[in-house]
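Asker: everything below, folded, please.
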Amino acid sequence: MTKADFLARTEKARLQHVVTESMTAQIFGTTGIVTGTYRSTEMLEGKAVQRRGRLINAWVYKATGGVSRLKTRRSCVENR
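Answerer: Okay, the predicted model is just below:
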């Protein structure tokens with residue numbers, strides 16, 4: 001699931017809550033990789049849907065100062 005897919009899905013659904021279950025960051029030179037898992041509950045077509053997912057974010061330090069997120073990837077498993 002891409003970031004666009006995730007955002008499109010959240011626009012259709014009514015999020016009740018999102019909880020980050022775990023998150024780990026690893027640094028490789030000027031690049032940071034963040035991985036983690038999350039759990040969400042949302043209303044979709046009148047039914048409560050619970051989802052668990054994984055996330056991966058890549059961040060790069062800019063020479064001008066600050067950081068830039070390069071890529072976001074999310075996947076989820078639906079529990080009805």
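Asker: contacts, neighbours, all on C-alpha from now
Answerer: OK.
Asker: low-confidence stretches in the chain?
Answerer: For the chain, the stretches with pLDDT under 70 are 1, 9-13, 69, 71-80.
Asker: cutoff 90 now
Answerer: Counting by pLDDT under 90, the ranges of the chain that qualify are 1-21, 30-31, 38-80.
Asker: how about the helices in it?
Answerer: 3-12 (DSSP state H).
Asker: how about the strands in this structure?
Answerer: 14-28, 31-44, 47-61, 67-79 (DSSP state E).
Asker: out of the ones you listed, nearest to residue 4?
Answerer: Closest to residue 4 of those is strand 67-79 (Cα to Cα; 9.7 Å).
Asker: number of residues surrounding residue 41?
Answerer: By other Cα atoms under 10 Å, the residues close to residue 41 number 19.
Asker: for it, give me its contacts.
Answerer: Taking Cα atoms under 8 Å, 6 or more residues apart in numbering as the contact definition, residue 41 lies against 15-18, 48-51.
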